[in-house]
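A.B. asks: A structural model of the following input is requested.
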Amino acid sequence: MAWLLVVVAGLMETGFAVCLKLSHGFTRLWPTIAFCAFALGSFGLLTLSLKKLDVGPAYAVWTGIGAAGTAIYGMAFLGDLVSSLKLASISLVIVGVIGLQISGSSH
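C.D. replies: Predicted structure coming up:
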């Protein structure tokens, strides 16, 4: 269950990163509100998961999911540059996240 919280928190990290861009420096109301909601949710779920998980693997999985998700979203919906190297690098991040999740111990 703790790993599920980390995964959802990582997806919410993607949400807050995208909303941060869409807020245009906190000058647009709804993306700013969404940023706050996603950030609070993401940090809250990560905090709950750390009651059961080691901080290193949990934090790495959280940031990995957030980074890969944000990059994929940017390429798919925001016009970010797509390249073979970028796709390969995102794949490596995802493989690393899976490896850390599998190796992560719980208390």
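A.B. asks: So in this structure, which helix runs the longest?
C.D. replies: Criterion DSSP state H: the longest helix present in the chain is helix 55-77.
A.B. asks: list the helices and strands it packs on?
C.D. replies: helix 2-22, helix 29-49, helix 84-103 (3 or more CB pairs under 8 Å, 6 or more residues apart in numbering; DSSP states H and E). Using the backbone N, CA and C atoms, a C-beta is placed for each residue, glycine as well.
A.B. asks: chain center to it, what's the gap?
C.D. replies: Counting by CA atoms, centre = their mean, to the nearest Å, helix 55-77 is centred 4 Å from the centre of its parent chain.
A.B. asks: got the angle between that helix and helix 29-49?
C.D. replies: 150 degrees (axes from the mean of the first three to the mean of the last three CA atoms, to 10 degrees).
A.B. asks: Could you list the buried residues of helix 55-77?
C.D. replies: 57-62, 64-75 (16 or more other CB atoms under 10 Å).
A.B. asks: For it, which outside residues touch it?
C.D. replies: With contact meaning CB atoms under 8 Å, 6 or more residues apart in numbering, helix 55-77 is reached by 2-3, 6-7, 9-11, 13-14, 17-18, 42, 46, 49-50, 80-82, 86, 90, 93-94, 96-97, 100-101, 103-105.
A.B. asks: What's the PyMOL line that selects buried ones from the residues you listed?
C.D. replies: This is how PyMOL selects the buried members of the contacts of helix 55-77, with burial counted by 16+ other CB under 10 Å:
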select buried, resi 2+3+6+7+9+10+11+13+14+17+18+42+46+49+50+90+93+94+97+100+101+104
